[in-house]
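Okay, sequence plus prediction incoming.
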Amino acid sequence: MGRAVFKGARQGWLWLALISCLAGLAVLTLHSGQGGVMLAAAVGAMCSVAAVLAGPRLLRRLRGLWHRLRAIGARNTPHFETLPVPLMRFAADGTVLAANSAARRLVGKTATGRMAHEMFEDLGRPIADWLRGIASGQLPGGSEVLRLRQAPDGGDFVQMTVQRSGDDHLIAVLQDATALKRLEAQFTQSQKMQAIGQLAGGIAHDFNNLLTAITGHCDLLLLRHGAYDPDHEDLQQIQQNAYRAGALVRQLLAFSRKQTLVPERIDLAEVLGQMAHLLKRSLSTAVTLDLRHAPVPVFLRLDKGQFEQVILNLAVNARDAMPMGGVLRIESELATVDDGFVRDAARVPRGRYGVIRVRDSGSGIEPEVLGKIFEPFFTTKRVGEGTGLGLSTVYGIVKQSGGYVFVDSALGEGTEFQLWFPAAEEEPLRHVPATAPPRRALPQSEGVVLLVEDEAPVRAFAARALRLRGLTVLEAETGEQALDLLAKPLRVDLLVSDVILPGLDGPEWVRRALQDRPGMPVIFMSGYAADSPAEAQGRIENSVFLPKPFSLAELSETVTRHMPQSAAKPVIGKTQGPPVEASERASVS
């Protein structure tokens, strides 16, 4: 009997030891990264010991315990198939060995067994070479953005991050990169548009100087060749084509948002009504103009001429979209936006807006073309029928004016452009007298002008034009030369200066000159508005801006208008003297 008690006690202690070991190993198993391997090894070892020491009964109990522990581990360890992250396993040659449910939703249900190059498009190098290099250890794991050949859910791009997982297997984590690539494409497009805008602005600046010289000297020739002169018609042709070139430059500047704008408060219905006759002349006889005004007055603060250019460009674009005739409807309304909205990557804040809708009944615009219509030099017309600057000019003017432009189009139904401009305050229009009070004509011999221009042809034309008006002209090429002239006891009544000059720019040297000669009127000239001294004009009193290209009449009129009533003024700290002699002019020009 004692032997039986000893045997039972020994089995009890054995049970207690085995259960304690299994409990400890179970805890380690659940908190270990190698749960499955460790659990199998531990339980297998215990089962072997138990089979030797305790027999079949204990072995059955241990097996049951092992199955229960395995079920607990399965519940606490995520499975490859159910992970919410798209995962794929590749062989070294690029064959898809497995793809979980998230990956199949991203790349397609028939992923397993296919080759990687059949599913993904190479964006630089063959995908098979990339995967083979990672599998062999020649390349480190990394990420690539790939295009899906067949996207089940509309996604076009995926970012695949690949790492080695064993000697001959690769594990890949996928992520939808369609939104990222679209954002990258938009950024690239904006960079391209910015570069084209800067190029257009620079070309326009230099070209305006050339046009100023061409049109100016042509005006001088027309003064000597009357209407009955055989050369008069040729000179007029040169002048007209120079004006056409100037219009093209203004379109370039409008696209690059560097044209000179003169905003004023306009009545939308009045401006559109005044344009009705011009619009009808621009449309073909088969196109009917339907003009509908807002039921309430709509006031905007815009450059009237540039706004008219926008409406005219849209009308001509609509005319070309209706070769067989149709209806062009232009509607205006006053809209109130209580909550801002976002459309076409543009955010429209809350406020009151004047909305102009230009709608045609033409053939519509193809979806693949719709996103390119505002690009410069893009046109669907035949060669020689368009410059591709019409809609890009519209876009540039609207944006520079603080507005928004949207377009809706459907094939076979027509196209509608929407222009949104902030509404101006409804202040009463100030009365402007029909005729300005007469000014006392300045004797031609009294005016002395200091002309500062670094472009020799422009300076030569401007100097000759002003001398024809009887004015005395002092010429300088730089701001430093102008200051040297003003340091002498010379009489100067008006300053005419280019904005961009080598060395001191126009506003800077003028500011220094006015310290000794305060109150002197100033006329700034420039090829485009990026050079216009808008900020400097706020600090320089009695200054105006004359955009290039300008004609002889425009230059003469501007100078005459701003010449002081009394040409002989006392100069503080200076002694007034006679105009500089011709020999001295040559030395500084």
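Sure thing, it's come through.

what's the lengthiest strand in the chain packed up against?
Criterion DSSP state E: the longest strand present in the chain is strand 326-337. On a contact count with 3 or more C-beta pairs under 8 Å, 6 or more residues apart in numbering; DSSP states H and E, strand 326-337 meets helix 268-282, strand 287-292, helix 304-320, strand 351-360. All C-beta spots, glycine's among them, are computed from the backbone N, C-alpha and C.

Give me the helices and strands touching the helix or strand hosting residue 163, please.
For residue 163, the enclosing helix or strand under DSSP states H and E is strand 157-164. Here strand 157-164 touches helix 127-136, strand 142-148, strand 169-176, helix 178-224, going by 3+ C-beta pairs under 8 Å, 6+ apart.

What's the mean pLDDT across the last one?
Mean per-residue pLDDT for helix 178-224: 75.

tilt between that helix and strand 157-164?
Using axes from the mean of the first three to the mean of the last three C-alpha atoms, to 10 degrees, one finds that helix 178-224 and strand 157-164 are set 130 degrees apart in direction.

Can you name every helix or strand that helix 178-224 contacts?
For helix 178-224, the contact count by 3+ C-beta pairs under 8 Å, 6+ apart identifies strand 157-164, helix 232-255, helix 456-468, helix 552-562 as packing neighbours.

Include mean pLDDT, distance to residue 332 and mean neighbour count when you put these into JSON lines, please.
Formatted as JSON lines, the helices and strands packed on helix 178-224 follow (pLDDT from 0 to 100; distance: least, C-beta to C-beta, whole Å; neighbours: other C-beta atoms under 10 Å):
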{"stretch": "strand 157-164", "mean pLDDT": "87", "distance to residue 332": "43", "mean neighbour count": "19"}
{"stretch": "helix 232-255", "mean pLDDT": "74", "distance to residue 332": "22", "mean neighbour count": "17"}
{"stretch": "helix 456-468", "mean pLDDT": "88", "distance to residue 332": "42", "mean neighbour count": "19"}
{"stretch": "helix 552-562", "mean pLDDT": "86", "distance to residue 332": "33", "mean neighbour count": "17"}
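
For the ones you listed, please prepare a markdown table with the additional fields distance to residue 115.
Rendered in a markdown table, the data for the helices and strands packed on helix 178-224 read as follows (distance: least, C-beta to C-beta, whole Å):
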| stretch | distance to residue 115 |
| --- | --- |
| strand 157-164 | 14 |
| helix 232-255 | 47 |
| helix 456-468 | 67 |
| helix 552-562 | 71 |
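
which stretch among these comes nearest residue 306?
With C-beta to C-beta, the closest approach to residue 306 among the helices and strands packed on helix 178-224 belongs to helix 232-255: 7.1 Å.

quick one: low-confidence parts of the stretch 51-200 of the chain?
Scanning the stretch 51-200 of the chain with the threshold set as pLDDT under 70 gives 51-59, 61-62, 65-78, 123, 151-155, 167, 186, 189-190, 192-194, 196-200.

ok, for residue 135, nearest residue in space, not its chain neighbours?
Take residue 135 and drop its neighbours on the chain: the residue closest to it by C-beta to C-beta, 6 or more residues apart in numbering is residue 92, 3.7 Å away.

Pretty sure the one you found sits against residue 164.
No: no contact is recorded between residue 92 and residue 164 when judged using C-beta atoms under 8 Å, the distance being 9.6 Å.

Common neighbours of those two, please.
Any residue near both residue 92 and residue 164 by C-beta atoms under 8 Å, 6 or more residues apart in numbering counts here, and that gives 135, 170.

ok, back up a step: may I see the buried residues of the longest strand of the chain?
Applying a neighbour-count criterion of 16 or more other C-beta atoms under 10 Å, the buried positions in strand 326-337 are 326, 328, 329, 330, 331, 332, 333, 334.

try stretch 311-325
311, 312, 313, 314, 315, 317, 318, 319, 320, 321, 322.

do stretch 514-527 as well
Within stretch 514-527, the residues that qualify as buried are 514, 520, 521, 522, 523, 524, 525, 526, 527, counting by 16+ other C-beta under 10 Å.

residues contacting the residue lying closest to the first one once chain neighbours are set aside?
Distances taken as C-beta to C-beta, 6+ apart put residue 520 closest to residue 514, at 6.2 Å, once the chain neighbours are dropped. Applying C-beta under 8 Å, 6+ apart to residue 520 gives the contacts 492, 493, 494, 495, 513, 514, 542.

How many neighbouring residues does the residue nearest to residue 135 have?
When neighbours are counted by other C-beta atoms under 10 Å, residue 92 registers 17.

Let me have the buried residues of stretch 514-527 in CSV, extended by pLDDT, distance to residue 360 and secondary structure.
Below are those laid out as CSV (pLDDT from 0 to 100; distance: C-beta to C-beta, whole Å; DSSP: H, G, I helix; E, B strand; the rest coil):
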residue, pLDDT, distance to residue 360, secondary structure
514, 90, 54, helix
520, 89, 54, coil
521, 91, 49, coil
522, 91, 47, strand
523, 91, 44, strand
524, 90, 42, strand
525, 87, 41, strand
526, 80, 38, strand
527, 74, 36, coil
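
Nearest to residue 132 among those residues?
Out of the buried residues of stretch 514-527, the one with the shortest distance to residue 132 is residue 527. That distance is 58.5 Å, counting by C-beta to C-beta.

doesn't residue 203 make contact with the closest one?
No: counting by C-beta under 8 Å, residue 527 does not reach residue 203; the two are 9.9 Å apart.

gap between residue 109 and residue 99?
9 Å (C-beta to C-beta, to the nearest Å).

Looking at these two, which one has more neighbours?
Set side by side, residue 109 and residue 99 give different neighbour counts by other C-beta under 10 Å, the larger being at residue 99 (28 against 10).

Chain neighbours aside, what residue packs nearest to the more buried one?
Across the structure, with C-beta to C-beta, 6+ apart as the measure, the residue nearest residue 99 apart from its sequence neighbours is residue 111 (4.1 Å).

tally of neighbours for the one you found?
By the measure other C-beta under 10 Å, the count of residues near residue 111 is 19.

same deal with residue 138?
Using other C-beta under 10 Å as the criterion, residue 138 is surrounded by 9 other residues.

same question, the one 10 residues further on
Counted with other C-beta under 10 Å, residues neighbouring residue 148 total 21.

got the contact list for it?
When contacts are counted by C-beta under 8 Å, 6+ apart, residue 148 is found next to 107, 119, 120, 121, 155, 156, 157, 158.

again, only this time at 7 Å
Residues near residue 148 by C-beta atoms under 7 Å, 6 or more residues apart in numbering: 107, 120, 155, 156, 157, 158.

Please apply the same query to residue 281.
By C-beta under 7 Å, 6+ apart, no residues touch residue 281.

same deal with the one 5 residues further on?
Residues in contact with residue 286, defined by C-beta under 7 Å, 6+ apart, are 324, 325.

Quick one: closest of the helices and strands packed on strand 326-337 to residue 127.
Comparing the helices and strands packed on strand 326-337 against residue 127 with C-beta to C-beta, the closest turns out to be helix 304-320 (44.5 Å).

re earlier: please dump the helices and strands packed on strand 326-337 into CSV; it should also carry mean pLDDT and distance to residue 298 for every row.
What follows is the helices and strands packed on strand 326-337, written out as CSV (pLDDT from 0 to 100; distance: least, C-beta to C-beta, whole Å):
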stretch, mean pLDDT, distance to residue 298
helix 268-282, 85, 4
strand 287-292, 90, 12
helix 304-320, 86, 12
strand 351-360, 92, 4
